[in-house]
Structures are given as C-alpha cells and as structure tokens.
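Visitor: Here is the input, now give the coordinates:
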Amino acid sequence: MEPEELERYARHIVLREIGGAGQQKLRKARVLVVGAGGLGSPVLMYLAAAGVGVLGVVDDDEVSLSNLQRQVIHSTGNVGMPKVTSAIEAVARINPHVTIEPHQTRITIENAADIIANYDLVMDGSDNFITRYLINEVCVNLGKPLISAAMSQWEGQISLYDSANGGPCYACVFPERPADGLAPSCAEAGVMGALAGVMGSMMAGETIKYVTGAGEGLVGQMIIYDALYSESRKMRLAKSSTCKVCGKK
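Guide: So this is what the prediction gives:
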C-alpha cells in the first residue's frame, strides 16, 4: 500500500483482527451492492471508506426528494439524477482508491447471474421480495455468500446466507413470500430514517468481518433490531433439507 493508504486505513491496521493482511484482503475484494437506497447508502459509504477495492452497485432508479430522509449517499442537488451516478460521485469523494462498477439496471432473471458472477460477496438492500428471492437463488447456484437486510417502520433484520458453506439460504428461512398487504413497503408503512443507517452499517460491518476473517459472522443467525424500544435479539437459523432452492445442494 502507498503511504497515503497506510495513513487512511491506520485505525483498521492497528486492530489485531484486521491488521495489514486484512486490509489487503479488503483492497482485493469485489463486493456487489444491490440497491443504492436506504440500506445501500451506508453500505457503499462505509465500504468505500474501509478500502474495499471494487464496489459494484445495481440500481435503476433516480434520486427523489422523498429518498433524502434516509438515503444519505444522495443530496438535494442530485434529485432527478440516476442513483448509480449519484453514488459514484459520493464514493469518489470518500475514497479515490476504490473502483465503483455501475449497473444502471434492475436485477432480472436475464442479467442476475452475469452480474453476480463477477463478485465475491453480494449485499442485498433491495426493496421487494421478487428481487430478494431471485438474488438468493442466483447466489446459491453460484456459491456466493449473501448478506441481506430489510427494514420497515422501526424494525430491521440482517443475516448472512451462505449455503455453499453449510449455512441456510434466504429461502430456508423465508420459504414463501408474504401475502399481499402483510409486508407493506416503506412508502406504504413508513420507516424511521436513522434505522437505515443502523442496518446498513451492520451490513458493512458483517462484510468487513467476512472479507478479513475477523470475529464471528451471522451465518445461521439473524439479528432483529427494534429501534422504537432500543432492543435487539439474535435468533438461530437452520438450513432446510426441503428448501426448494438449496435443499439438494
């Protein structure tokens, strides 16, 4: 690393669980972030600051005024701009050593495998169940680890799904998508803005641990955080032998 990078990442390097070797792993990592919204914003900002070498970002939306209450990577001047473009500008300001690969598109059956195959780890910050189930299925098929989080109103959840290494996949835990009306979107139900920062920061932290090998990750575990009552719970998750996605893998 260059002297400027050594100074930039000094607070990581002095951590015995990361050190110089771990920082080099971050530098070589390729991480895909699906969604440059409430969850993707802090993920992109903190992973850029951490020195992840390549950040891919997938989003087909434009910045709107209603995004700005929680999507902190975007600014008022960027309203109407593609979120991918806005994110690129922000990452460049945070850390010029990070390469960002934009995918200004929606993840679909046709493109998901081609996009995901190019990355070591996938971060799912999408806002709908169709995309979540699709990302999970492709990650299982390609043997890619998936960190997925979700939030609504005052509550968020996060887990690391890694069926290639014996953990459950997303479909093991949520075998069927909720019936219409049972899981309303943030636009319908509302969301406390800072909750996105909490959950997105957790996603970034789990990524840093996974890449560097520090500590214990969330494979087979889920954290549920209730911001309204300042409570958090951790629950164990099991791989399902009857899972339609990973049960035979």
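
Visitor: quick one, what contacts the nearest residue to Gly190 once chain neighbours are set aside?
Guide: Computed as C-beta to C-beta, 6 or more residues apart in numbering, the closest residue to Gly190 that is not its neighbour in sequence is Gln153, at 5.8 Å. Bear in mind the C-beta positions are built from the backbone N, C-alpha and C, glycine included. With contact set as C-beta atoms under 8 Å, 6 or more residues apart in numbering, Gln153 has these partners: 189-192, 228.

Visitor: now do Ile223
Guide: Residues in contact with Ile223 (C-beta under 8 Å, 6+ apart) are 157-159, 202, 232-234.

Visitor: run the last query once more with 7 Å
Guide: When contacts are counted by C-beta atoms under 7 Å, 6 or more residues apart in numbering, Ile223 touches 157-158, 202, 232, 234.

Visitor: re earlier: measure the residue nearest to Gly190 to Ala189 for me?
Guide: The gap separating Gln153 from Ala189 is 5 Å, by C-beta to C-beta, to the nearest Å.

Visitor: Repeat that for Val122.
Guide: Following C-beta to C-beta, the distance that separates Val122 from Ala189 is 26 Å.

Visitor: for Asp60, same thing?
Guide: Summarising the geometry, the distance separating Asp60 from Ala189, computed by C-beta to C-beta, is 23 Å.

Visitor: If you count surrounding residues, which of those two has more?
Guide: More crowded of Asp60 and Ala189, by other C-beta atoms under 10 Å: Asp60, with 14 against 10.

Visitor: on that earlier part again, tell me which of the contacts of Ile223 fall in helices.
Guide: With DSSP state H as the criterion, helices contain Met202 from among the contacts of Ile223.

Visitor: For this structure, name the helix or strand with the lowest mean pLDDT.
Guide: When each helix and strand of the chain is scored by mean pLDDT, DSSP states H and E, helix 186-189 comes last, with a mean of 76.

Visitor: then it to CSV, C-alphas only?
Guide: Only the C-alpha atoms of helix 186-189 are listed here, as CSV (Å, rounded to 0.1, in the frame of the first residue of the first chain):
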residue,chain,number,x,y,z
CYS,A,186,-41.5,1.7,3.2
ALA,A,187,-43.6,4.0,1.1
GLU,A,188,-46.7,2.4,2.4
ALA,A,189,-45.7,1.8,6.1
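
Visitor: ok, which stretches of this protein are helices?
Guide: Listed in chain order, the helices of the chain (DSSP H) span 3-8, 10-13, 19-28, 40-50, 83-94, 112-116, 129-142, 170-173, 186-189, 193-212.

Visitor: so which of the ones you listed gets nearest Arg106?
Guide: Arg106 sits nearest to helix 129-142 of all these, at 7.6 Å, using C-beta to C-beta.
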